[in-house]
Every structure is written in structure tokens, then in C-alpha cells.
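1. what would the 3D arrangement of this be:
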Amino acid sequence: MFLALLTPLIASAALPQEPLPHFENQPGVLELSGRMIARPIQDDPVARAAARAEVEPWVIREYSKVDELILQVPEGMDENHFAAQLVASAEWEYVHPDWICYPIDTPDDPLFGNQWHHATIQSELAWDLINSASGRIAGWTDTGVDLGHPDLAASLLPGYNAVDRLTQAQGGDLQDINGHGTLTGGTIGAIGNNNLGVAGACWDIQLLPVRVSNLSSGGAYLSDLEHGARWAVENGATTISASYSGVENASIQTTGAYVRSLGGLYFYAAGNSSANHSGFDWADVVVVGATDQIDDRASFSSFGRGVDLTSPGVSIWTTALGGGFNAYSGTSLSTPLANGVAALMWAANPYLDTYQIEMRLYESCDDLGAPGEDDVFGWGRTNMNQAVHAAVEGNMELTAPVLHQDSIETLTVSGAPPSTRVYLAYSLAGPGTTPIPALLTVMGIASPIQAATAMSNGSGDVSMSKYIPGGTAGTIVWIQAIASGDTSDVEMRVIQ
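-> All right, here's what the predicted structure looks like:
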């Protein structure tokens, strides 16, 4: 779906001086609301107090957790003049409009064959390693959700209406008022392998819906979107996505930093206006562009330095309002898809922190465009198979020779924590996720059997030897090394 934005009912009044052209009303693209989001500077208590006193008459709402104020533009001013007056005092970190944003526009599930994106991001190979994320909570801020949708209902947690400030238990209305929230939610977690409809990135995950609009158009204040994301992480979500416009505003980074401080990752759509986002690069927000069926940038997808990665976003089959299914296009789809990939990574290895999940997500992308991170695809296009394997295959490098029966074989590990005990394990059962709580990590092999152990040297190198019994020729084994908080890659060998 393509970006659309609410037309505000605010008219700018003439002032003696010309307004600074910071904020331009763009009908149908980005429009003004008559409200501002302002954050005082954080490192000067005197200036901070002066800033707050300066705007006291116009404060509508205060978000103390992130030290943001929602201000009504004073009568006789417009957004540009008001912002110019405030920032001239050098007491503000940022002042920008509180834009009203609109939504951007192998299981047995019968429509799975239509979901081309799963083949592209190698979902089936990822699901061979792990397909249940039942212990994780993925949140999304949108127009609500079809509470009775048969491919979603069983996974829905009680959510929150960010407009009315009411939880579902308190009477907050979560029913999808527009349809957009149902399609984004299904992209994250439509129930898989249930002989119905489609499969989300995660077959089995707890979905936490946050409704940010009470308008049939789906229009939402940026401040409500951000408040909803903060509520989601405060209530257990570790991945939260927004398929709305507004990503270029500085308060998005403030919310991203808050989400990260509570152990979550904030995903935000790059947008469908084919804009060059060269003016920002948020450190704590994963900004997601869209690719098409041939791994080109989708024609509508915004790009630039501010985009961190891309995901498929053209003709994506997902859940639809009313209990059905349909195909949609836009960064509205690529963003929750990235949310689902990260959620499955965390399900595979819950011991990873936000930075480890983020970097392994980036580094596991299929590199498109110019080598390395670029201004079109960011780190590349998500690859869920590589991402979940990256979650359980850490920084150590395992070197295993050809294995022969009735012989002693030596395997080496580099990149281990220095002077640390390293364990060598093997599996006859294949890939899988096996938590090792004592070492605060997860192995990427099923039913591991300890084969050897040794201490790494001061450089993090270690060698271990193992006798391979006779009569084992033809046996397939999967091998991995593990140490406190770290693992190696998984090597597969056929015993000769």
C-alpha cells in the first residue's frame, strides 16, 4: 500500500518575517497538524528548565519518559514561525510538527505458493531450524487488527488503543478500523502450518496489537505512533514495527533509543514516495525499504543513507480484514516482514542483546547493489535462513577436517574468548536450536553430544582431538564449538 497522509484543518497566519522553509505542507504526502513535538536539550538543566517554562501555555501533553512535549501552535503563528522562535533560543534539541501520518500504503497453508517472498528470503530453510517463536512477543502500531481473523486470532494478545489511552481490558477498541493493521500483522505472524490461508514470517508467535488511529482513513498523530511503540516495549514486545510515514523526524530516534533501552528493536517503514532519505541515519531505528520479485529496489520504495535494509514488498500475500487474504505492495509489508525475521532470530537465541540481533540481522542480508552497505539497499535484502543461523552461530570459527572412521581427528577453533573453556559437540539429529543456559547461549544443532573440551589460549585459539570409531563410515554428523556466551559456525561432515 502506498503512503497517504491526513489533510489538517490548520491555516498558517501571516507574520512580519518570512517563515523558515523547514516544514512544507505537501497534500497527500506529508501534511501539518497544528501541533509540534519538542524536546529540550538534555545536558543543560538551566536551559532545559527555561525551555519548558517558555512553552508552558501551549503544552497539550507531556511524555516524561522521553522528555518530549506536545505543543499547540499558538494563534497567529504557523509551524515554521513557532519552530523558528523556539530554536532561536538554543534551548531545544529538536522541534518539528506532530505530523498526522497515514498507513503506508512450506507449510500446508493453501496460499503459501503465492507467497513468493518466502522463497526469496529462504523462509523454509529457516523454519527447518526453528518455526516456533511462541516465547516471543512482536508488537506493531497500526489501525488495529481483525480480532476474529482465523489466521491471527489464536496468536493475539490483549492490546492497546494509543489514541484513547486504554488497554483492551479497559475497553480500548482494537478492532481494525481501516484494514491496514490486519495485513501488517499477518506479515509478521499469520499462523503457519494450520491448513489455512498464508504463513507469516513466524508460524507461532504472540502478537501485540497497538491501535494508533480512530479514523477510518487510518490517520494517526506521530506522537500516538511513538507512544504506542513505547507502550508495546513496556508490555513485553521485543520487536515493534510501524508501517507509517514520518520516519525522517528526530523524535523517531528518541523513541527508538527508548525502545532499545528496554530491550527491544524499533522497525520503521522507509516510505513509498521514492524519496532520498539522505538527511538522517537513526542509530536506534531499523529503517526498512522494499524490494521486488527480481531483487531490485521497488519503484516506490524510498532509499538513501537513512535506510538500513530492505525486504520484499511487492505483491505480498497476507491476511485481510474480514477473515480473507489478499496481496498488497509497499514498505508497509517489508517492514513487518523484517520485524518477523528479527523476532524469529530472538526466538532462536534469546540470550542475544539488541545490538547483537541488529548486527547479525544486517550482516546476514543478501548484499544487493554496491558491495557492502549502500544508499539503495542499506545492508541488503533480508535472508531469514541466514539470519536465524547467524543467531545461533556466533563469532568463533570452527575448522574441521575430513573425518575418517577408526582414526583420531583434530579440529581447531579460532576467535574464542581468550583463556576460556571451549566445548566441542556433535549431533546425529541435524540442525536445531538447543539452549545451553549454563553458558548463556544457544547451539545450532539438535541433541548435541559433547565430544571434547579444552582451554583456549590468550589469542582465543584451541585445538581438540576426537577418536572416530570404526563402523561409522557414511554417518552424517553436524559439529559445533561452544564457549560462554559464544558459539562457532556449524560444520556438516560425512564420515569416510
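
2. CA only for contacts and neighbour counts going forward, please
-> OK.

3. how about the strands of the stretch 151-300 of the chain, start to end?
-> 160-161, 166-167, 204-211, 220-221, 239-242, 265-269, 285-291 (DSSP state E, counting those that start in this stretch).

4. quick one: which of those strands is nearest Gly430?
-> strand 204-211 (21.9 Å; CA to CA).

5. circling back: now the strands of the stretch 151-300 of the chain as TSV including mean pLDDT?
-> Converted to TSV, the strands of the stretch 151-300 of the chain look like this (pLDDT from 0 to 100):
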stretch	mean pLDDT
strand 160-161	98
strand 166-167	98
strand 204-211	97
strand 220-221	94
strand 239-242	98
strand 265-269	98
strand 285-291	97
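
6. turn those into CSV, including mean neighbour count.
-> As requested, these are exported to CSV (neighbours: other CA atoms under 10 Å):
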stretch, mean neighbour count
strand 160-161, 28
strand 166-167, 16
strand 204-211, 27
strand 220-221, 24
strand 239-242, 30
strand 265-269, 28
strand 285-291, 31
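
7. cross-check the contact I'm expecting between Ile121 and Asn385.
-> Yes - using CA atoms under 8 Å, Ile121 is in contact with Asn385, at 6.9 Å.

8. got phi/psi on Trp92?
-> Dihedral pair for Trp92: phi -120, psi 140, per degrees, to the nearest 10.

9. with adjacent residues omitted, what lies nearest to it?
-> Pro40 (4.1 Å; CA to CA, 6 or more residues apart in numbering).

10. so how far is Asn193 from the one you found?
-> 50 Å (CA to CA, to the nearest Å).

11. have a look at the two and say which one is more surrounded.
-> Per other CA atoms under 10 Å, whichever of Pro40 and Asn193 has more neighbours is Pro40, with 24 against 18.

12. any idea how far Gly306 is from that one?
-> Pro40 is 24 Å from Gly306, by CA to CA.

13. and Gly172, by the same measure?
-> 34 Å.

14. more neighbours, these two?
-> Between Gly172 and Gly306, counting by other CA under 10 Å, Gly306 is the more crowded of the two (26 against 19).

15. just the pLDDT for the residue nearest to that one when sequence neighbours are not counted.
-> Once flanking residues are discounted, Gly306 sits nearest to Asp281: 4.2 Å by CA to CA, 6+ apart. For Asp281, the model assigns a pLDDT of 97.

16. surely Ile70 is within a strand?
-> Yes - counting by DSSP: H, G, I helix; E, B strand; the rest coil, Ile70 is found in a strand.

17. got the contact list for it?
-> Applying CA atoms under 8 Å, 6 or more residues apart in numbering, we find Ile70 in contact with Arg35, Met36, Ile37, Ala38, Val59, Ile60, Arg61, Glu62, Asp98, Ser223.

18. in PyMOL, how would I select just the buried ones from those residues?
-> Restricted to buried positions by 16 or more other CA atoms under 10 Å, the PyMOL selection for those reads:
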select buried, resi 35+36+37+38+59+98+223
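
19. can you add distance to Glu79 and give the contacts of Ile70 back as CSV?
-> Output for the contacts of Ile70, formatted as CSV (distance: CA to CA, whole Å):
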residue, distance to Glu79
Arg35, 8
Met36, 7
Ile37, 11
Ala38, 12
Val59, 15
Ile60, 15
Arg61, 17
Glu62, 19
Asp98, 10
Ser223, 16
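
20. can you redo the contacts of Ile70 as CSV with distance to Ala126 and pLDDT?
-> Below are those laid out as CSV (distance: CA to CA, whole Å; pLDDT from 0 to 100):
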residue, distance to Ala126, pLDDT
Arg35, 45, 95
Met36, 44, 94
Ile37, 41, 96
Ala38, 43, 94
Val59, 49, 95
Ile60, 47, 94
Arg61, 44, 94
Glu62, 43, 94
Asp98, 40, 94
Ser223, 36, 97
